[in-house]
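# Compute the structure for the input listed below.
(4 chains)
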There are 2 protein chains.
Amino acid sequence: MKYNEARHKFIQSWGSLGTSWGISRTMAQIHALLMISPDALTTDDIMKELGISRGNVSMSLRSLIEWGIVYKDYVPGDRKEYYRSEKDVWVLATQVAKERQKRELEPVIRMLNQVKSIEEDSGQKKKIQAFKKITKDLNSFAKQSDQLLNVFTKSEEHWFFSRVKKLFGK
Amino acid sequence: MKYNEARHKFIQSWGSLGTSWGISRTMAQIHALLMISPDALTTDDIMKELGISRGNVSMSLRSLIEWGIVYKDYVPGDRKEYYRSEKDVWVLATQVAKERQKRELEPVIRMLNQVKSIEEDSGQKKKIQAFKKITKDLNSFAKQSDQLLNVFTKSEEHWFFSRVKKLFGK
DNA sequence: ATTAATTTTCAAAAATTTTTGAAAATTCAA
DNA sequence: TTGAATTTTCAAAAATTTTTGAAAATTAAT
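Numbers count the residues shown, from 1 in each chain, chains lettered A, B, ... in the order given. You can find the predicted model right below:
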């Protein structure tokens, strides 16, 4: 496979994967482009490479910076801003895990805590029983996942996978 | 909090969470409704409870069945089909993990394997170097995650969280 | 202060995804 | 078979999300 073909495939695939990970196609494509770029890129570089609008690039970059996986660089004597991706895959993964924990897991835990205390209600014994059971179980699972994610995001790469694998006899 | 309020909050929240987990609002709402229902429900029950169309219920249920988290029940002497959710949270979680592994993780690994072998190209040494480095690192991480997920989906509930937590000194 | 370069904002347009609802298909009892 | 009950399909409509692009804001050099 030629480099340009591989590069194109990588950017396109990362873009469509982004969609199923809850980020927009172009945001993921920009991220892909920055990951494989040895040098930091300007807004215009990105617009030209991916054929997308200035506004889109601006908003997507802000979002990537909020996710903590893209950084801004300032070059002395140059008005333009340069953007650069985090390239350490472990750091990338832990940043993404932290953000998703905040956006997806924590809201569930909050909701489940809210619905935990329901008043007695004569006519609906069975339904209330079922409701309490599943929400309690989901809450317990969600909290354990939260703890596990904390272990993951705080651990050192070297340790995590190898220790877990050894633990389960792999 | 009153039961009906809690129930409403649970269904609505699960619905909007579904969106960020890549399934449609109504599909997640149907799942929520079935999880808290002590008895299996018919298509008409679900339509009435959630105020959504027959077609939507039919398609969403098929999808939930494909995910392996909802089952069809047949009641003797009744033409209607009854639907029931998996209620064991560990089974739910492992099913969802398996499906997402198949839909999200495996495609990345396939793509990264494809772009792995690129021909030498005189003019682009530095770019090719950077490309090879990041795709190799991503591939290695993706494969380790895949293995970890296999450990998770094959392990017993009791073991998983407690062993991992103990391992990391929690 | 003025101006040119650059970035950001956001309303409108485009694209995509979800939902509807009625027709078609299926199922099963008589 | 026939036909009523039920489920499925899918084109069109609605809702939602993403993208555009030009105006406004910001930045920094002169």
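# helix, strand or coil for residue A:71?
Using DSSP: H, G, I helix; E, B strand; the rest coil, the structure places residue A:71 in strand.
# For chain A, what lies in contact range of DNA strand C?
A:19, A:42-44, A:54-55, A:58-59, A:61-62, A:78-81 (Cβ under 7 Å from any atom of the strand). The way it works is simple: take the backbone N, C-alpha and C, and place the C-beta from them, glycine included.
# pLDDT at the residue of chain A found nearest DNA strand C, what is it?
DNA strand C sits closest to residue A:55 of chain A, with a gap of 3.0 Å, by Cβ to the nearest atom of the strand. Residue A:55 carries a pLDDT value of 98.
# how close does it sit to chain B?
24 Å (Cβ to the nearest Cβ, to the nearest Å).
# Quick check: buried residues in the longest helix along chain A?
When chain A is parsed with DSSP state H, its longest helix is helix A:125-154. Using 16 or more other Cβ atoms under 10 Å in any protein chain shown as the test for burial, helix A:125-154 gives A:127-128, A:130-132, A:134-135, A:137-139, A:141-145, A:148-149, A:151-152.
# Where does the closest residue to residue A:130 other than its chain neighbours sit, in terms of helix or strand?
Counting by Cβ to Cβ, 6 or more residues apart in numbering or on different chains, residue A:130 lies nearest to residue B:38, which is 4.1 Å off, once chain neighbours are set aside. In this assignment (DSSP states H and E), residue B:38 forms part of neither any helix nor any strand.
# residue contacts, residue B:38?
A:126-127, A:129-130 (Cβ atoms under 8 Å, 6 or more residues apart in numbering or on different chains).
# ok, residue A:68 touching residue A:99?
Yes. Applying Cβ atoms under 8 Å, one finds residue A:68 in contact with residue A:99, separated by 7.1 Å.
# Provide the secondary structure category for the closest residue to residue A:50 other than its chain neighbours.
What sits nearest to residue A:50 in space, not counting adjacent residues and going by Cβ to Cβ, 6+ apart, is residue A:29, at 5.5 Å. Three-state assignment for residue A:29 (three-state DSSP): helix.
# Now do the helices in chain A.
Listed in chain order, the helices of chain A (DSSP H) span A:3-20, A:25-36, A:43-50, A:54-66, A:89-100, A:106-114, A:125-154, A:157-167.
# Looking at those, spot the one closest to residue B:9.
helix A:106-114 (6.6 Å; Cβ to Cβ).
# can that closest one be found next to chain B?
Yes. Helix A:106-114 lies within reach of chain B by Cβ under 8 Å from any Cβ of the partner chain, at A:107-108, A:111, A:114.
# who wins for neighbours among these?
Among those, the one with the most neighbours (other Cβ atoms under 10 Å in any protein chain shown) is residue A:111, at 22 neighbours.
# Ranking helices and strands of chain A by mean pLDDT, which lands last?
Least confident element among the helices and strands of chain A, by mean pLDDT, DSSP states H and E: helix A:157-167 (a mean of 82).
# Using PDB, list the CA coordinates for it.
Output of helix A:157-167 as PDB, limited to C-alpha atoms (Å, rounded to 0.1, in the frame of the first residue of the first chain):
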ATOM      1  CA  GLU A 157       0.600   2.000  31.100                       C
ATOM      2  CA  HIS A 158       3.200  -0.600  31.800                       C
ATOM      3  CA  TRP A 159       1.300  -1.900  34.800                       C
ATOM      4  CA  PHE A 160      -2.300  -1.900  33.700                       C
ATOM      5  CA  PHE A 161      -2.700  -4.400  30.900                       C
ATOM      6  CA  SER A 162       0.000  -6.700  32.000                       C
ATOM      7  CA  ARG A 163      -1.200  -7.000  35.500                       C
ATOM      8  CA  VAL A 164      -4.800  -7.500  34.600                       C
ATOM      9  CA  LYS A 165      -3.900 -10.100  32.000                       C
ATOM     10  CA  LYS A 166      -1.700 -12.000  34.500                       C
ATOM     11  CA  LEU A 167      -4.400 -11.800  37.000                       C
END
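# got the angle for that helix vs helix A:89-100?
80 degrees (axes from the mean of the first three to the mean of the last three Cα atoms, to 10 degrees).
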